[in-house]
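>>> Everything below, folded, please.
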Amino acid sequence: MQYESILFENTDGVAVITLNRPDKLNSFTVAMHLEVRDALDKIAADPRGGRRREYSAGVRHRAGGAFGQFR
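Coordinates of the predicted model:
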C-alpha cells in the first residue's frame, strides 16, 4: 500500500508512524485509518519485534475526525 496521509518507517525493529496532514491539523480520515492499520499490520508481522512511535507533522497531534468527508 502506498501511503498518502502518513509517513511510515521501520528501522532496526523501531517503527515510526507520522500522521502527515498538517494543513488539516492531522484530522483523522477513513484513508488515514486504513493506512495506519496497514502500517500496524506490517509492524505485527515483523519478526524483529515491534516497538512503535507515533508522531504528527505540524503543530497539532490530531484535531479529531474529518467529518466533512461524510456529507
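>>> In the chain, where is pLDDT below threshold?
For the chain, applying pLDDT under 70 flags the ranges 49-50, 58-71.
>>> what about Ala35, neighbour count?
Careful, residue 35 is Glu; it's not Ala. 22 (other C-beta atoms under 10 Å). Every C-beta, even on glycine, is put in place using the N, C-alpha and C of the backbone.
>>> the strands in this structure, which residues?
Ranges of strands in the chain, per DSSP state E, are 6-11, 14-19, 51-56.
>>> Reformat these as JSON lines; add mean neighbour count and distance to Ala39.
Formatted as JSON lines, the strands of the chain follow (neighbours: other C-beta atoms under 10 Å; distance: least, C-beta to C-beta, whole Å):
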{"stretch": "strand 6-11", "mean neighbour count": "15", "distance to Ala39": "5"}
{"stretch": "strand 14-19", "mean neighbour count": "19", "distance to Ala39": "5"}
{"stretch": "strand 51-56", "mean neighbour count": "13", "distance to Ala39": "9"}
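>>> out of the ones you listed, nearest to Leu34?
For the strands of the chain, proximity to Leu34 was assessed by C-beta to C-beta; strand 6-11 is nearest, at 9.9 Å.
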